[in-house]
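Engineer: predicted structure and sequence below. I'll ask about it afterward.
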Amino acid sequence: MLTSDLFDDGIKPAGGSYPLQLKDADVEYLPGFVDHDLAAQWFRALMQKGAVAWRQDSIMMYGRKVRIPRLNAWYGEPGLDYTYSGIPMRPEPWSELLAEIRGRVERAAGHRFTSALINLYRDHTDSVAWHADDEPELGPEPVIASLSLGASREFQMRHRNHRSNGLAIHKIMLEPGSLLVMRGATQKNWLHQVPKRGAAAVTGPRINITFRRIVEA
């Protein structure tokens with residue numbers, strides 16, 4: 001169960017929760033974490049100009065500097081810096097809305113989160129390549145809670161040893177208002193991505209908020 005009595009205030013996800021049947025992983029999907037109207041309200045609020053401190057960083061690939069194909073922002077407690085794709089990020093302070101969302105996610109996941117990486121996929125060409133949320137700041141078995149708002153996007157998971165064990169890529173459509181929680185050895189054993197898609201497959205922009213806990217040294 002994702003919900004712990006420690007965090008139980010009577011708020012229960014409307015759509016239930018479903019464990020993904022993945023070897024060497026602990027992943028649960030809550031398709032109706034919040035209802036359509038509230039998800040749309042949160043999305044509209046976060047899309048307002050100035051609501052999120054969006055940035056678009058660049059990384060080195062094959063000897064040249066390229067822009068990351070999405071916007072992102074880092075929010076969290078003061079002093080909890082984070083290095084993402086080799087890019088150092090200092091936390092923006094929680095807005096009232098983000099603090100409210102964090103509280104709901106914590107109650108569903110039964111876990112305290114100190115920080116959140118927010119991604120904006122502006123259209124079908126924005127994406128994130130194969131990776132794991134396994135930075136040292138997150139500790140050995142991090143709990144990652146990923147909230148989806150806006151357009152649905154396909155989320156893919158691939159076992160690190162897929163070539164030897166023959167495990168297929170797992171695909172799931174992350175719907176607005178859904179919550180995906182990854183815990184235990186998931187980041188150690190699996191990679192995940194949001195691939196580019198054709199224009200017809202994506203109906204609009206998507207915001208993804210991934211809540212994490214920074215382990216202070």
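Structural biologist: Cool, got the structure.

Engineer: list the helices and strands the top helix by length along the chain packs on?
Structural biologist: When the chain is parsed with DSSP state H, its longest helix is helix 96-109. On a contact count with 3 or more CB pairs under 8 Å, 6 or more residues apart in numbering; DSSP states H and E, helix 96-109 meets helix 36-47, strand 144-150, strand 179-183, strand 206-212. Heads up, the C-betas are built off the backbone N, CA and C, glycines and all.

Engineer: just name the most buried of those.
Structural biologist: Of those, the one with the most neighbours on average (mean count of other CB atoms under 10 Å) is strand 144-150, at a mean of 25.

Engineer: how far off centre is that one?
Structural biologist: 5 Å (CA atoms, centre = their mean, to the nearest Å).

Engineer: next helix or strand past that strand?
Structural biologist: As assigned by DSSP states H and E, the chain's next helix or strand after strand 144-150 is strand 153-159.

Engineer: next, the buried residues of that next one.
Structural biologist: Buried residues in strand 153-159, counted by 16 or more other CB atoms under 10 Å: 153, 155, 157-159.

Engineer: how about the secondary structure of residue 34?
Structural biologist: Following DSSP: H, G, I helix; E, B strand; the rest coil, we place residue 34 in the coil state.

Engineer: would you list the phi and psi of the residue nearest to it when sequence neighbours are not counted?
Structural biologist: Spatially, and ignoring its direct neighbours in sequence, residue 34 is nearest to residue 177 (4.6 Å; CB to CB, 6 or more residues apart in numbering). With angles defined as degrees, to the nearest 10, residue 177 sits at phi 90, psi 0.

Engineer: dump the residue contacts of residue 177.
Structural biologist: Neighbour list for residue 177: 31-36, 38-39, 148-149 [criterion: CB atoms under 8 Å, 6 or more residues apart in numbering].

Engineer: let's go with 10 Å and repeat that
Structural biologist: Residues counted as contacts of residue 177 (CB atoms under 10 Å, 6 or more residues apart in numbering) are 13-15, 30-40, 42-43, 147-150.

Engineer: how much space separates residue 21 from residue 71?
Structural biologist: As judged by CB to CB, to the nearest Å, residue 21 and residue 71 stand 33 Å apart.

Engineer: okay, these two: which has more neighbours?
Structural biologist: Using other CB atoms under 10 Å, the more surrounded residue of residue 21 and residue 71 is residue 71, with 19 against 8.

Engineer: that one contacts residue 117, correct?
Structural biologist: No: with contact defined as CB atoms under 10 Å, residue 71 does not count as touching residue 117 (11.4 Å).

Engineer: which residues of the protein score low on pLDDT?
Structural biologist: 1-15, 217 (pLDDT under 70).

Engineer: ok, 50 please
Structural biologist: Low-confidence segments of the chain, defined by pLDDT under 50: 1-13.

Engineer: hmm, what's the outermost residue in it?
Structural biologist: Distance from the C-alpha centroid of the chain peaks at residue 63, with 28.6 Å (CA atoms, centre = their mean).
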